Each structure stands twice: as structure tokens, then as C-alpha cells.
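Student: Build me a structure from this.
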Amino acid sequence: MARRGLAMVVMVSAVVVSGCVARPVSVPSGAASSAGQSSAAVTVSPAVAPGPSSAAPTPAPFAPVPMPPPGGGPMLWPVARNDGAGNPDSPRSMPTYAITRFGFLDASARMVLPPQYAEYDYCQSGARPSRVVAARDGAIDVLALDGTVNRTITTARGSEDANGVTFLWCLGNKTVVLARLDPETNRALWQRVFDVSTGKKLPPLSLKALDALWNAPDPNPCPADKPIPASDLGDFLADVGGGWAEAIGNTYVNVNTGASVTPPDWLVGSDADDPVGGCSGYWGFLSCGNAQLSVVYDKFGSLTPFQDVGTAGDAVGCVVSNQPYQWATAGNVRGYVDADGAWHYQEQVYTTIKD
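Tutor: Got it, this is the predicted structure:
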């Protein structure tokens, strides 16, 4: 299951809309909406008592909440950071991409491997990952799900063709493929194939096999990719994702909870022939907005403080079936949340590779 760098991101902002009342969601102080208003009743971390010279209480650091995978056991959850600048090694057609590196949290939601990997993939054993392969400059690390580096496979340092895009695959929990593809033809400019367990170099794959890898469906599609059954759509106009369906009158209904949302016309427009925005669902959340502003509702139709909930920068795809956590941003923090909007891991929005 390749970690492709082009992932859909559900962008949503938290603002107060007349007539909508948000459910309390725990976020740190300062996680305000882009409109400068409080979008929900906010619970902050307990404050540390001020000392004699303190001007105000200092919020206590966020305490990570464990993130066990379905069924329990160890797990590595990816976190993406970038350098905040354009990547000179990007293909000519994509010159403004920032350099992104991936690190990993363990099941306790603590960072066990810092952001240092350019690509990664999960080796599957049955219905869940068994280990992770992660590529950095000059090496591929084979990672146990507790963060232990079990093996390091030496590779060529640096890119061998600055115009290509590098991908990493783990095949059948046995073979790791590092390949650089032409972004226009998807043909391999070069490739390296190794045995995951021994590190032994193996013969290269055929062009047909590489093409099949490139076009293979994700073995763990995200919940947003699962459509509403036709039998449940009834008279609804369309399935907009995440369990939400569009109804007549610019109203959206969650078919699982029965909640309904009618976003204001100034946000999404009322003219079907010339809309200024729209709504889309993801993972039970519904985001509605336009090019300047958007809001997000939970599965019960209440506003949340989130600016986005979804897969961001492909750091957080669905690496296990029925994944219980996704990436979110609220004000000046970002991190993993569960389907109820509760935080499990947080970091500052402007955290970069050097941090």
C-alpha cells in the first residue's frame, strides 16, 4: 500500500453560524475559528497555578491519549512535517511542493521515530499491518510496530533523476520496492528491490508489475470512500460522503444519525446553477464552505472547532480497516482525533522538520 503524496484533504473552519449550537469538544486554549469567534464550548487543559510573578495561568501541556489499533497490540501512526519551503527536487510540473518527512507515533500516542523518512509503506499480514518500511537518504529502515528499527537496508544516496517521483512499496510482507517514476508516463526511471527479512537485493520488477503496483487499489479504503447503499438514499439528491446525503432545500442529512444541517446561503450559495460553495462529508463529519471560509459539523449536526478533519498530506491515510483516528486542525494545534472529535495527539500547527 504505497503512501502517495497526493491525498484528498477535507478543509473546514470553525465559525459560529446563527442557530447552530456546538457540542463541547476539548481543544487547547487559542483554538479559535478563522472568523475570530468561538465556534463551540471549549474545554481547555487544566491550568498550572501562577507563581508570585506570573501574570496569568499557564495551560498544562497536552497529555497524549493512547491510540491502540482495532484489536489492540502495537502500532505505528505516521506524522508528516515539512520544511515550509519549495522543494527544488520536485518534478518540473510541481515545483512548489515542500519537502515532507514522516515520523511515527506508537500506540501510546508518543513520538518514537522523528520525522526523517521521505517515503513509507505498511507491510500487511492478513487484515492488519505487520511492520513498516521507511526510506531515508541512503537507507530503508524496516520498523517493528513499536518503533524498533529491526533492519537497515543500504541504498544509493540522493536522487538518481531529479525529474522523477519516488515511491516505496512493501509487497506481501516479503519484498520492498523503491522506485522512481516519470510523473508523466508513470514508467520507472530506476528501481531497487530487496527482501524485507534479509535485506538481500532482488531482481527488478517488470514494467507490467510496476504498472500494476501504481494502479492497485488501496487495501484499506478510508470510511469516506464507502458509499451510502442505494436502498438508503431514497429521495435524497446525492451521496456527498461520510454518511451524509443532500436533500431538497440545500439541506444535508446524516443517514446514520438522522441529523440534518442547512448551511447559510452566504456560505454555500442558494443558486444551484451558480453555487459559491458546497458541502462534502468525511468520516461522519460534514464540511460546508467556499473559497474563503468553511465550517464543519459533527455527525449529530453540531458545529465543531475544527478547521479540517481528514487525511492531510497523506500522512494519515487509513492504514488499518475501520481506522479509529484521523488528522485534524483546530486553531493553532493539529493532531489525531477519534470519530467523536476527542484529541489523542497534538502538536503546534507550525511545527516543521527542524522542530
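
Student: Is residue 145 in contact with residue 73, as I believe?
Tutor: Yes: between residue 145 and residue 73 there is a contact under C-beta atoms under 8 Å: 7.3 Å. Where you see a C-beta, it was placed from the backbone N, CA and C, and this is true even at glycine.

Student: Settle it for me: which of those two has more neighbours?
Tutor: Comparing residue 145 with residue 73 by other C-beta atoms under 10 Å, the one with more neighbours is residue 145, at 19 against 11.

Student: gap between the residue nearest to the more buried one when sequence neighbours are not counted and residue 251?
Tutor: Leaving out its chain neighbours, the residue that sits closest to residue 145 by C-beta to C-beta, 6 or more residues apart in numbering is residue 74, at 3.9 Å. Per C-beta to C-beta, to the nearest Å, residue 74 is found 44 Å from residue 251.

Student: can you count the residues close to the spatially closest residue to residue 351 that is not a sequence neighbour?
Tutor: Nearest residue to residue 351, sequence neighbours excluded (C-beta to C-beta, 6+ apart): residue 81, at 6.0 Å. Neighbours of residue 81 under the rule other C-beta under 10 Å: 22.

Student: Quick one: residues contacting residue 81.
Tutor: For residue 81, the contact set (C-beta atoms under 8 Å, 6 or more residues apart in numbering) comprises 100, 101, 102, 103, 115, 351, 352, 353, 355.

Student: Which ones among those residues lie within strands?
Tutor: The strands, defined by DSSP state E, take in 100, 101, 102, 103, 115 from the contacts of residue 81.

Student: Hmm, the third one is touching residue 115, no?
Tutor: In this case it means residue 102. Yes: using C-beta under 8 Å, residue 102 is in contact with residue 115, at 5.9 Å.

Student: Now do the shared contacts for those two.
Tutor: Joint contacts of residue 102 and residue 115 (C-beta under 8 Å, 6+ apart) are 79, 80, 81.

Student: Relative to residue 309, how far out is the first one?
Tutor: Using C-beta to C-beta, residue 79 is found at 16 Å from residue 309.

Student: likewise the last one?
Tutor: According to C-beta to C-beta, residue 81 stands 19 Å off from residue 309.

Student: same question, the second one
Tutor: Using C-beta to C-beta, we find residue 80 at a distance of 16 Å from residue 309.

Student: Flag every buried residue along stretch 205-218.
Tutor: Neighbour-count burial for stretch 205-218, counted by 16 or more other C-beta atoms under 10 Å, picks out 205, 210, 213, 214.

Student: quick check, nearest of those residues to residue 260?
Tutor: Taking C-beta to C-beta as the measure, residue 214 is the one of the buried residues of stretch 205-218 closest to residue 260, at 41.0 Å.

Student: helix or strand for the closest one, which one?
Tutor: helix 207-215 (DSSP states H and E).

Student: And the next helix or strand past the host helix or strand of residue 189?
Tutor: According to DSSP H and E, residue 189 maps onto strand 188-195. Helices and strands here follow DSSP H and E; after strand 188-195, the next one along the chain is strand 201-202.
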